[in-house]
Structure formats: C-alpha cells, structure tokens
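# Just need the structure, nothing else, for what follows:
(one chain, ligands or ions: 2)
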Amino acid sequence: MGKRIALLTSGGDAPGMNAAIRAVVLAAHKFDCEVIGFIHGFNGLMLNEFQSLSIASVTNIIHQGGTILKSARCKEMHLPSGIIKATETLTKHQIDALIVIGGDGSFTGMLALSNTWKGQLIGIPGTIDNDVDGTDFTIGFSTAINTAIRAIDKIRDTANAFDRVFIVELMGRHSGHITFNVGIACAAEQVISFENFNSDEEEATLAQLTDGIEQSAKIKHSSHLIVIAENLWPGGAQKLAEQLTQRSGVDCTLCTLGYIQRGGSPVAKDRILATKMGVSAVQAVIDNQHLVMTAELNNTMNLVPLNIAILHKKRVNPALVDAQANILALTAQTEN
Ligand SMILES: Nc1ncnc2c1ncn2[C@@H]1O[C@H](COP(=O)(O)OP(=O)(O)O)[C@@H](O)[C@H]1O
Ligand SMILES: O=P(O)(O)OC[C@H]1O[C@](O)(COP(=O)(O)O)[C@@H](O)[C@@H]1O
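Numbering: from 1, shown residues only. Ligands and ions are numbered 1, 2, ... in the order given. This next block holds a predicted model:
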C-alpha cells in the first residue's frame, strides 16, 4: 500500500476545484495511495469530518463548479488550539501528506500547521482572484473572467440601447487581476483597480472619471462602462455611482456582479490546469516533497516553496495596466 493522502478545499471556492480533486484521486490510485477528503476546508480537520475518495466518487465531476468537498473559512486555524486539533486529526488518520487546494490564506494556514504536524504539505493554487505568486494562473481565474465578460457583454447591450453609464463592480477584494483582465476584454471605457488608484487620489480620479463620462455623453449613441474592483472605492462603489451622477449630471448605475463570478462549470483552461496540478501534487507526494505549491510558469509545471508563494501578492501584469492607460489616451485623442 502507498501513502495515505488527505485532501481539502479551502477559502473561496473556484471553478476547477473538482477537476483538481478528481486528478488527485486518479493519480493517487495509480501510485496505490489512499485518499480521504476532509469536508469544509480546515473545519473538517477541527471536527474530524471526512469521506473516503474512491474513483467512483470523482466520476462525472470535472465539469461541476464549486467543490464536492465543500469549502470554508476556518477561524479556529488562526488559533494555536486549532493547529493542535488539525495535527491530532491528521495523526489519528495516519496521514502521510495533506494536499490543500486554496489560496494564499490557506497556504499560510499550512505553514502554521507545519510547526506541529510533521507530514508532507502540498498546496494547489485554487482561487478566482489569481493572486498567488509563482504561477501564471490559479485554478478558477479563467472561468471567473469568462463569466464576468459574458455578463458585462449583456450589460453593454442595455448600456448601448439607452446610451447609459454603468459602473460594474468585480470580485477580488485585495487584487485587481479580475478587474483589469475583464475591463480590457470588455473594452471598458475606464478601469479602476488597486494598480491605478489609491485613496489619496480620490478627487483626481473623480475628475478624470467625470471627464470620461462627459466625453462619452458628447458622442451621440454612446454607452460608457466603468469597471471597478470591490473593496476599493472609499465608502463603496454605490457611493462612487452617486458621486459621479452628481458631478456629471448623467445617471450612473451600479451593477455588482458578486458571486456569479465564483460559480459555474469550469472552462477548458481551468479543467486542464486543475488536472495538471492535481497530478503534479501527487507526484510531489511520491517524491517526498514538502511545503511546496504546484505551479505553471511559462507553460511549464513547477513546484514553488509555499513561503515564496505567499511572500507577495502576485502583481497584475504591468503590460495590462499600460494597455488600458494607452487605449484610454487613444480614445480621448480620437474624440477631440
Ligand atoms: N495566518 C493564518 N494562520 C492559520 N490559518 C490561516 C491563516 N490565514 C488563513 N488561514 C486559513 O485559511 C483559510 C482560507 O484563507 P482565506 O484567506 O480565507 O482564503 P484563500 O485560501 O482563498 O486565500 C482561512 O479561513 C483559515 O482557516
Ligand atoms: O466568500 P466571501 O467570504 O464573501 O469572500 C469574498 C471574496 O472571496 C473571493 O471570491 C475569493 O477569494 P479567495 O479565493 O482568496 O478566498 C474574492 O474575490 C472575494 O473578495
């Protein structure tokens, strides 16, 4: 018999987590390893809630959003008592390796666990936010941006029909990967995110946004779309909508996309990435790796030390920020 592997999904669920679960179980089977899944993230370790993961249990799940193992944000993991409980549960089940599918918060929890539990700890980056350093993409990001793009294309139809201004708030409370990528793909007139806004510049940004709305209003039959990251604008995005309405004299409507960005069937890119990462995680277990995250960088699978992956939030590609700034400059020239 091979190693005993524990698996859990933690933090915000992301489309493709099920594909990663499936890949872990199938790859583990090949190496004669047994896999048990803990339910509701680290809470499963606190409460000893688990299920055995057979090949049958992961059949027909590759296309499903969410996670069959459920997820959670587990407060107890932040306490020494929670770390001890997790250690006791893993020890009781004679686990050799724990694979966690989650984001940088979950990986921080794994590092805390490594102080007391001496088994192997392997991370798989799964979050729609794409904010984990050391990998080009996290599982779920591609689906989330495609979902947001499809929704915004529909909002654009109404915006066009009414020559309206829409402000669309996108997920990612600490990072702008979703906002910038979606903004560019939807040809948003303006993108406001952590990379191009800080709260000291509220007045200047308001002036610039108002100017953009007024420019669009001068052109007949013109809609205007502003995309903004959640948790960014002082006082919230609704306040921004009110401020812009008042300044421009044009009705600015807020549309918050919210959780629809997190659900749904994963796109091909996420299914494939999740499968590669699941297989790579099991290979890491077999190779006696410890405290590493599976990653894909420049189309090549890698293992990245967990402490490096969480050291910094991954930056939005500066080329995207430049592209948006230059497209805006170009639009302004064309209109003048
Ligand atoms: N500093 C920490 N110490 C211990 N556990 C942590 C820590 N940070 C996060 N975690 C655990 O990881 C879980 C998920 O983290 P969170 O930041 O919510 O999501 P994500 O993993 O997607 O970034 C938390 O609910 C908590 O159980
Ligand atoms: O589900 P909650 O607790 O409301 O959290 C919302 C946050 O979770 C996310 O959807 C995903 O974040 P994580 O993957 O880091 O957990 C963020 O985009 C959003 O800011």
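
# Tell me the gap between the longest helix seen in the chain and the middle of its chain.
Ranked by residue count, the top helix of the chain under DSSP state H comes out as helix 141-162. Counting by C-alpha atoms, centre = their mean, to the nearest Å, helix 141-162 is centred 18 Å from the centre of its parent chain.

# Identify each buried residue in it, please.
For helix 141-162, burial by neighbour count (16 or more other C-beta atoms under 10 Å) applies to 141-148, 151-152, 155-156, 159. Where C-beta positions appear, they are placed from N, C-alpha and C, glycine not excepted.

# Show me which residues of the stretch 151-300 of the chain are close to ligand 2?
Residues of the stretch 151-300 of the chain lying near ligand 2 by C-beta under 6 Å from any ligand atom: Met171, Gly172, Arg173, Glu230, Arg262.

# So which of these sit within strands?
Counting by DSSP state E, no part of those is found in strands.

# Most neighbours of all those residues, which one?
Top of these by neighbour number is Gly172, holding 26 neighbours under the definition other C-beta atoms under 10 Å.

# tell me the phi and psi of that one?
Main-chain dihedrals, Gly172, degrees, to the nearest 10: phi 120, psi 80.

# Look up how far Gln94 lies from it.
39 Å (C-beta to C-beta, to the nearest Å).

# now swap in Leu240 and tell me
The gap separating Leu240 from Gln94 is 54 Å, by C-beta to C-beta.

# The two - which one has more neighbours?
Taking other C-beta under 10 Å, Leu240 and Gln94 do not tie; Leu240 has more neighbours (24 against 10).

# Can you classify the nearest residue to that one once chain neighbours are set aside as helix, strand or coil?
Nearest residue to Leu240 in three dimensions, chain neighbours excluded: Trp233, at 4.5 Å (C-beta to C-beta, 6 or more residues apart in numbering). The three-state label given to Trp233 by DSSP: H, G, I helix; E, B strand; the rest coil is coil.

# Run a quick neighbour tally on Trp233.
By other C-beta under 10 Å, 22 other residues sit near Trp233.

# Can you name the residues that contact it?
Ile192, Lys239, Leu240 (C-beta atoms under 8 Å, 6 or more residues apart in numbering).

# now the closest residue to the first one other than its chain neighbours: how far from Leu113?
Leaving out its chain neighbours, the residue that sits closest to Ile192 by C-beta to C-beta, 6+ apart is Ile228, at 4.6 Å. Separation of Ile228 from Leu113 (C-beta to C-beta): 36 Å.

# In terms of packing, which of those two has more residues around it?
The neighbour comparison of Ile228 against Leu113 (other C-beta under 10 Å) goes to Ile228, with 26 against 22.

# and the more buried one, backbone torsions?
Phi and psi for Ile228, reported as degrees, to the nearest 10, are phi -140, psi 140.

# With Arg4 instead?
Phi and psi for Arg4, reported as degrees, to the nearest 10, are phi -100, psi 120.

# Mind listing the residues bridging to it?
Per DSSP bridges, the residues bridged to Arg4 are Glu34.

# can you offset everything so residue one is 565?
Renumbered: residue one is now 565, and that last one reads Arg568.

# List the contacts of it.
Going by C-beta under 8 Å, 6+ apart, Arg568 touches Cys597, Glu598, Ile600, His657, Gln658, Ile659, Asp660, Ala661.

# now for those, which pair is the farthest apart?
Farthest pair in those (C-beta to C-beta) is Cys597 and His657. Separation: 13.4 Å.

# the more surrounded of the two?
With neighbours defined as other C-beta under 10 Å, Cys597 and His657 compare such that Cys597 has more, 20 against 16.

# and the closest residue to the more buried one other than its chain neighbours, what helix or strand is that in?
The spatially closest residue to Cys597, leaving aside those adjacent along the chain, is Gly566, at 3.9 Å (C-beta to C-beta, 6+ apart). Using DSSP states H and E, Gly566 maps to neither a helix nor a strand.

# ok, Gly566 touching His593?
No - the criterion here is C-beta atoms under 8 Å, and Gly566 misses it with His593 at 9.3 Å.

# just to revisit the earlier point, want to try CSV for the residues of the stretch 715-864 of the chain next to ligand 2, with pLDDT as columns?
Output for those, formatted as CSV (pLDDT from 0 to 100):
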residue, pLDDT
Met735, 98
Gly736, 96
Arg737, 92
Glu794, 97
Arg826, 98
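
# Which ones among those map onto helices?
Among these, no member falls in helices (DSSP H).
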